[in-house]
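Q: here are the coordinates; sequence isn't available:
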Ligand SMILES: O=C(O)c1ccccc1NCC(=O)[C@H](O)[C@H](O)COP(=O)(O)O
């Protein structure tokens, strides 16, 4: 019998299933459904994809600026961590959207960070987590998320379809993330979401190369908006992408290590 090596991604996903079971003991599915419905009345979605498209339409890059305190590959990225201040700084620096890590065990994130960041600005926000169950989709809308991330490497085709449709029924956008060709094929077959992320980081090994975007982009239909994710650190990285017609970016570490994250965003993305 072949035993699968527990890579970081497998560990995170295994922990997610435990976490969901723990959470269900505190908040029922029915209560979350009510909270998500309430959020749709009092806190409707801000239009995540639309905000990216608007920036790009105006000739700017569409930047999804990430709020993450720590990561499994790099440890703590930022000691002074006030999500509301970071959100304001990103908005001032020209971000199209925010990405907030809500995973607690591996990224030192929290749902409250999403709530605080969103309340501090007008930008739409993606809940950045490892979503494997309908419960987490409801949770996302109930805390105000405008978009969710679905990582193809964590999901079967059927599950991807179910979660994608559910999120969009709830009024959220969906960013489906792939890293290689089999994942891209699965994403294109099971989701018609507009936003397709190519993660330059292998979530099993941490290997990082911008080449992943260039290798996969040619196989993505032109009605999808490609978001290049991870490993963008310099103006040259941005230029190389934009020269190849990639205009949407998800950036975390480079901003989190800067004293003023929004100023770093402006420095990297202003022509
Ligand atoms: O960042 C990690 O170490 C990591 C490890 C395992 C799973 C996911 C991980 N990160 C999620 C992301 O993909 C990034 O937070 C995001 O794309 C931004 O990347 P970066 O600009 O390199 O911080």
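A: Structure received. Being a predicted model, the structure only gives us computed values, none of them experimental.
Q: wait, does stretch 219-228 make contact with the ligand?
A: No - judged by CB under 6 Å from any ligand atom, stretch 219-228 makes no contact with the ligand; its nearest approach is 9.1 Å. To be clear about C-beta, it is placed using only N, CA and C from the backbone, and glycine gets the same treatment.
Q: how about that stretch: buried residues?
A: 220, 224, 225, 226, 227, 228 (16 or more other CB atoms under 10 Å).
Q: Next, the contact list for the third one, please.
A: Residues in contact with residue 225, defined by CB atoms under 8 Å, 6 or more residues apart in numbering, are 49, 52, 53, 56, 62, 194, 195, 196, 248.
Q: 7 Å - rerun?
A: 49, 52, 53, 194, 195, 196, 248 (CB atoms under 7 Å, 6 or more residues apart in numbering).
Q: How about the last one?
A: Residue 228 makes contact with 198, 200, 213, 241, 246, 249, according to CB under 7 Å, 6+ apart.
Q: Filter the residues you listed down to just the ones in helices.
A: 213, 241 (DSSP state H).
Q: Out of the contacts of residue 228, flag the one nearest to the ligand.
A: residue 200 (7.7 Å; CB to the nearest ligand atom).
Q: Tell me how many other residues surround residue 248.
A: 25 (other CB atoms under 10 Å).
Q: Need the nearest residue in space to the residue of the stretch 151-271 of the chain found nearest the ligand, chain neighbours excluded.
A: In the stretch 151-271 of the chain, the residue that lies nearest the ligand is residue 252 (2.9 Å; CB to the nearest ligand atom). Nearest non-adjacent residue to residue 252, counting by CB to CB, 6 or more residues apart in numbering: residue 66, 3.5 Å away.
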